[in-house]
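Student: Sequence first, then the predicted structure, then my questions.
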Amino acid sequence: MFNVKKLAVAAAMLLVAGSAFASNFRAADQVYVPIAGHAAGGSGTFISDVFLSNLSTDPVTVTVIYVPLGATSTAQTNFPAIQLAAGERKEFVDFMVSALQLSGNQIGQLIFNACKQNSDCGPATQDQFGVSPFFRPISVESRIFSIPPGTLLSQNPPTTGQAFAGFPWYSFVSSDSATVGLDKIFITGLRNTGTATQAGTYRGNIGLVNASQFSNTNLAVKLFNGATGAQIGTTFTQGLGPLGNVQLNVATAFPAFTGSTATNAFITVEQISSTPTGDSPQTCGTSGCPAFFAYGSVLDNVSGDATTLEPQYTKALTDAAIACIYNPTSSCKAGGGFRRAVKH
């Protein structure tokens, strides 16, 4: 079952959205992994290992939502629940197969929800803001990697891969945060200096994720020269249905960005529209709880080895915000609201 939650936050939304970046604390009762899979790709078979940590003193039950890659994909649920003892860490090799028991090519985003074992975290126990006293914090880490074509994981083939830390639900980006400057992120380090098998060159990918189940959204992606700040090409726009997620080659979105000089570039991503779905709750307002994530990757064109490029806000935390995060007895005033965009 999903859950929508609205939280009062300190110093408006700035502190909640920025706190994950200030302290690197990524635990929550709801955590997104923007890309995971077991699927055939150009450089072999891509596989995800997942690591779950229970940061609660209670045993928890973790349920998983899987949304296949696609702009208008349908969320899948009812997978086997995962049980974690108090403080337990658990490793899942080839998560899509071992934990979700899926077969065939599977790749997309995962959403993890944690509830105290033998408890009801549904609407019957939730307050007016959708918060259940039985929600419990977990963190999720993952590694997506590839093995050579024609090999099996059981054969211990060589691998190349990259880490993806799970995003706590409260760290999504939203057009609702425009008044405090937290409606746009940037991703730097993009390259597109060659094509697959070309030695000494790299290619880049961009991932875009609608983190809301209650809205259709359009994201605007702009590419810039890192040295001069000049925009490269035209703005790329991507439409996404509820929980839709896509991964694009940089060359597809920005065909002018290619060749030996196509390096040291960055993108900005912002939400330019959000339309509520028919089942969007009243607490999501007229925009349907807008929320998104974005990420980047740079891959070696010969080995396929990839590096994750994480998003960052374009606005720094203020001294007052930092003081409120690390010294909660300081002058932190409640105000504003932050709304969960996916049911528990």
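Tutor: Received the coordinates, thanks.
Student: mind listing what residue 254 touches?
Tutor: Applying CB atoms under 8 Å, 6 or more residues apart in numbering, one finds that residue 254 lies in contact with 192, 223, 232-233, 236. Backbone N, C-alpha and C define where each C-beta goes, glycine included.
Student: ok, 6 Å please
Tutor: 223, 233 (CB atoms under 6 Å, 6 or more residues apart in numbering).
Student: Would you map the helices across the stretch 201-344 of the chain?
Tutor: 250-253, 319-326 (DSSP state H, counting those that start in this stretch).
Student: Adding distance to residue 297 and mean pLDDT, write those helices out as JSON lines.
Tutor: Converted to JSON lines, these look like this (distance: least, CB to CB, whole Å; pLDDT from 0 to 100):
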{"stretch": "helix 250-253", "distance to residue 297": "10", "mean pLDDT": "95"}
{"stretch": "helix 319-326", "distance to residue 297": "30", "mean pLDDT": "75"}
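Student: Out of those, which is closest to residue 58?
Tutor: helix 319-326 (25.5 Å; CB to CB).
Student: quick one, helices of the stretch 51-200 of the chain?
Tutor: 95-98.
Student: Output stretch 206-215 as PDB, restricted to C-alpha atoms.
Tutor: Provided in PDB are the C-alpha atoms of stretch 206-215 (Å, rounded to 0.1, in the frame of the first residue of the first chain):
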ATOM      1  CA  ILE A 206      21.000  11.000 -18.300                       C
ATOM      2  CA  GLY A 207      18.300   9.500 -16.000                       C
ATOM      3  CA  LEU A 208      15.000  11.300 -15.400                       C
ATOM      4  CA  VAL A 209      12.500  10.000 -12.800                       C
ATOM      5  CA  ASN A 210       9.000  11.200 -11.900                       C
ATOM      6  CA  ALA A 211       8.900  10.600  -8.200                       C
ATOM      7  CA  SER A 212       5.200  11.300  -7.900                       C
ATOM      8  CA  GLN A 213       2.400   8.800  -8.500                       C
ATOM      9  CA  PHE A 214      -0.100  11.700  -8.400                       C
ATOM     10  CA  SER A 215       1.000  13.800 -11.400                       C
END
